[in-house]
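Peer 1: Give the three-dimensional model of this entry:
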Amino acid sequence: MSNWKDKEVFKTIQLAIPIIMGELAQLSLHLIDTAMVGNISYKHLAAASLVMTAANIPFVVGIGMTISVSQLVSMANGRRDHQLISHYLFNGFILCTAFALVISGGLVFGRNILKHLGQDPQVVELALPFMTLVGLSVIPMLLFMTLKQFTDGLEYTKTAMMLSIAALPVNIFLNWLLIYGNWGFPRLELVGAGYATLITRTLIFLVLGIIVLKHRTFNRFIAVREHQWKYNLATIRELLRIGIPSSIQMGVEIGAFAVSGIIIGTISAISLAAHQIALSCAAFTFMVSMGLSQAGSIRVSNAFGRSDWDKIRVIGKTTFITAFLYGCFCAIAFTFFRWQLPLVFNKNPEVVHLTAILLLFAAVFQISDATQATGAGLLRGIKDVRLPTILITIAYWVIGLPVGCFFAFHYNMGAAGMWLGLIIGLTLASVFLGSRFLKMARKSGLQQPVRSGFEPVKTHS
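Peer 2: Numbers count the residues shown, from 1 in each chain. Reported below is the predicted structural model:
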């Protein structure tokens with residue numbers, strides 16, 4: 001049994017590594033923007049933080065919708081149903097395109113909301129044009145993510161990874177030209193970072209689209225498009241049954257951090273800049289947890305398609321253990337390097353000092369963050385998304401945020417108080433989701449497979 005478990009750990013990690021590399025590369029695009037803009041001034045850094053905080057919630061909702069594509073494609077792949085895979089690709093792309101357009105429009109035309117969040121007026125003035133460009137770049141990014149979820153669901157995770165990594169030097173070069181005005185280009189500062197992001201995201205979407213349509217690896221799914229590439233309302237409902245709860249799950253977590261950022265921004269620009277730096281570091285380590293979560297989810301979903309509950313339990317338990325050990329490693333790293341990491345983003349002594357304190361709080365929640373992400377992913381893999389969504393919402397919004405506000409303002413702990421509330425929310429989410437998966441896997445293995453309101457559509461031959 002131990003040998004079998006070791007093999008399952010290896011298979012999950014092998015699948016996760018390209019996903020992790022791709023996620024880290026995508027996050028690095030944001031971190032590069034943050035670091036290069038932060039070198040201009042801390043107010044530019046605070047403006048970038050304000051925009052990314054406001055844009056993150058709807059953007060993550062869109063990403064949650066794309067996850068439905070990988071879940072259904074993986075399940076169909078477990079049944080070796082190529083026609084159904086093609087059908088999910090087309091309808092998933094249609095659905096995610098609609099969401100991308102709505103989210104982008106909301107960000108662009110609703111950007112003036114930044115004026116009403118109690119932020120520093122200079123920060124808001126810098127943020128408004130950047131918000132427009134970030135909003136536009138949501139469209140190619142979500143379309144790229146849709147195609148990425150398709151290839152990931154088939155366990156071809158290296159394709160999107162290579163494109164994400166290749167995008168890094170492109171983004172750095174465009175930032176160098178447009179932020180600082182090199183080689184005769186105008187010095188656009190924060191707006192330049194927005195243009196660089198929009199161009200980079202458009203390029204990687206177009207290239208991945210060409211690969212999916214033209215490469216022989218995916219030909220068997222494209223070849224049946226005449227029968228399968230048809231809009232189907234039942235399929236859209238299937239995608240929404242997974243996509244909406246997944247979007248809400250991701251949205252409530254990111255939303256909790258986003259609202260925390262907005263609240264912290266009312267304290268001072270220095271507090272917001274420190275929060276953004278600490279959050280960027282935590283988000284970087286979280287991408288590994290997300291990669292493990294997605295890999296475990298894809299493998300569990302594949303086994304779920306075959307109703308192989310013995311394998312589901314082994315994959316789940318080994319993925320939890322791996323996530324726990326990774327969380328411990330991150331906690332140690334944040335503790336030891338809390339003074340060095342802030343200097344990558346900003347040299348302001350007050351910002352660095354406050355960031356070092358917040359990184360200690362970030363170290364505390366690394367284990368909870370890794371295990372709650374894993375729990376959410378594994379539950380999506382067995383199509384159990386409704387109750388977990390309620391549990392996550394309670395953990396963050398009913399308990400975590402109110403407690404954070406209480407510590408921040410009643411005890412005058414400021415940004416540190418908000419982060420203490422986030423620690424409590426993450427820990428509760430981890431306990432809720434982990435115990436829920438273990439209960440569902442044990443119960444379903446003894447009885448008939450849980451259906452979770454899910455029923456695959458029938459397609460044309």
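Peer 1: Tell me how far the nearest residue to Ile270 once chain neighbours are set aside lies from Gly414.
Peer 2: Distance criterion Cβ to Cβ, 6 or more residues apart in numbering; nearest residue to Ile270, sequence neighbours excluded, is Glu350 at 5.1 Å. For glycine as for every other residue, the C-beta is placed from the backbone atoms N, C-alpha and C. To Gly414, Glu350 is 12 Å away according to Cβ to Cβ, to the nearest Å.
Peer 1: which one of these two has more residues nearby?
Peer 2: Gly414 (20 against 14; other Cβ atoms under 10 Å).
Peer 1: just checking, Gly417 touches Tyr411?
Peer 2: Yes. The criterion here is Cβ atoms under 8 Å, and Gly417 meets it with Tyr411 at 6.2 Å.
Peer 1: The residue nearest to Ile270: which element?
Peer 2: Counting by DSSP states H and E, the element that carries Glu350 is helix 349-364.
Peer 1: now the helices for the stretch 351-461 of the chain?
Peer 2: Assigned by DSSP state H, counting those that start in this stretch, the stretch 351-461 of the chain shows helices spanning 366-381, 386-393, 401-405, 415-446.
Peer 1: okay, these in JSON lines with mean neighbour count next?
Peer 2: Below are the helices of the stretch 351-461 of the chain laid out as JSON lines (neighbours: other Cβ atoms under 10 Å):
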{"stretch": "helix 366-381", "mean neighbour count": "28"}
{"stretch": "helix 386-393", "mean neighbour count": "19"}
{"stretch": "helix 401-405", "mean neighbour count": "20"}
{"stretch": "helix 415-446", "mean neighbour count": "21"}
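Peer 1: wait, which of the ones you listed is closest to Gly106?
Peer 2: helix 386-393 (21.3 Å; Cβ to Cβ).
Peer 1: Show me what the closest one is packed against.
Peer 2: Under the contact definition 3 or more Cβ pairs under 8 Å, 6 or more residues apart in numbering; DSSP states H and E, helix 386-393 sits against helix 233-265, helix 366-381, helix 415-446.
Peer 1: Could you pull up the contacting residues of Phe69?
Peer 2: Wrong residue type there; residue 69 is Val, not Phe. Listed by Cβ atoms under 8 Å, 6 or more residues apart in numbering, the contact set of Val69 reads Tyr88, Leu89, Gly92, Phe93, Cys96, Thr146, Gln149, Phe150, Gly153, Leu239.
Peer 1: isn't the fourth one right next to Lys148, touching?
Peer 2: No. The criterion here is Cβ under 8 Å, and Phe93 misses it with Lys148 at 11.7 Å.
Peer 1: Between those two, point out the one with more neighbours.
Peer 2: Lys148 (27 against 19).
Peer 1: Can you report how many residues neighbour the nearest residue to the more buried one once chain neighbours are set aside?
Peer 2: Sequence neighbours aside, Ala160 is the residue nearest to Lys148 in space, at 3.9 Å (criterion: Cβ to Cβ, 6+ apart). Residues within reach of Ala160, counting by other Cβ under 10 Å, total 27.
Peer 1: Roughly how far does Ala160 sit from Leu29?
Peer 2: Distance from Ala160 to Leu29, counting by Cβ to Cβ: 14 Å.
Peer 1: Same check on Gly209?
Peer 2: Relative to Leu29, and taking Cβ to Cβ, Gly209 is found at 19 Å.
Peer 1: Out of the two, name the residue with the larger neighbour count.
Peer 2: Leu29 (23 against 16).
Peer 1: which residues sit in contact with the more buried one?
Peer 2: Each residue near Leu29 by Cβ under 8 Å, 6+ apart is listed here: Ala167, Leu168, Asn171, Thr197, Thr200.
Peer 1: Against Ser268, how distant is Lys43?
Peer 2: Taking Cβ to Cβ as the measure, Lys43 falls 11 Å from Ser268.
Peer 1: Same question for Leu163.
Peer 2: Taken as Cβ to Cβ, the span from Leu163 to Ser268 is 39 Å.
Peer 1: Equivalent analysis for Gln122, please.
Peer 2: Gln122 is 13 Å from Ser268, by Cβ to Cβ.
Peer 1: Ok, Ile262 next?
Peer 2: Distance of Ile262 to Ser268, computed by Cβ to Cβ: 13 Å.
Peer 1: follow-up on the earlier one: can you flag the weakest of the helices of the stretch 351-461 of the chain by average pLDDT?
Peer 2: Lowest mean pLDDT of these: helix 415-446, a mean of 84.
Peer 1: hmm, back to that, now pLDDT and neighbour count too, for the contacts of Leu29, in CSV please.
Peer 2: Listed next are the contacts of Leu29 as CSV, based on pLDDT from 0 to 100; neighbours: other Cβ atoms under 10 Å:
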residue, pLDDT, neighbour count
Ala167, 90, 23
Leu168, 89, 16
Asn171, 91, 24
Thr197, 90, 25
Thr200, 93, 24
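Peer 1: Secondary structure for those residues - can I get that in a markdown table?
Peer 2: Shown next, in a markdown table, are these (DSSP: H, G, I helix; E, B strand; the rest coil):
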| residue | secondary structure |
| --- | --- |
| Ala167 | helix |
| Leu168 | helix |
| Asn171 | helix |
| Thr197 | helix |
| Thr200 | helix |
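Peer 1: re the thing from before, who touches the residue nearest to Lys148 in this structure?
Peer 2: With Cβ under 8 Å, 6+ apart, Ala160 has these contacts: Pro18, Gly22, Phe144, Leu147, Lys148, Thr151, Asp152, Leu208.
Peer 1: From those, list just the buried residues.
Peer 2: Among these, the ones that count as buried by 16 or more other Cβ atoms under 10 Å are Pro18, Gly22, Phe144, Leu147, Lys148, Thr151, Asp152, Leu208.
Peer 1: and the residues you listed as TSV, adding secondary structure and distance to Phe361?
Peer 2: Converted to TSV, the buried ones among the contacts of Ala160 look like this (DSSP: H, G, I helix; E, B strand; the rest coil; distance: Cβ to Cβ, whole Å):
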residue	secondary structure	distance to Phe361
Pro18	helix	31
Gly22	helix	28
Phe144	helix	33
Leu147	helix	37
Lys148	helix	32
Thr151	helix	36
Asp152	helix	32
Leu208	helix	37
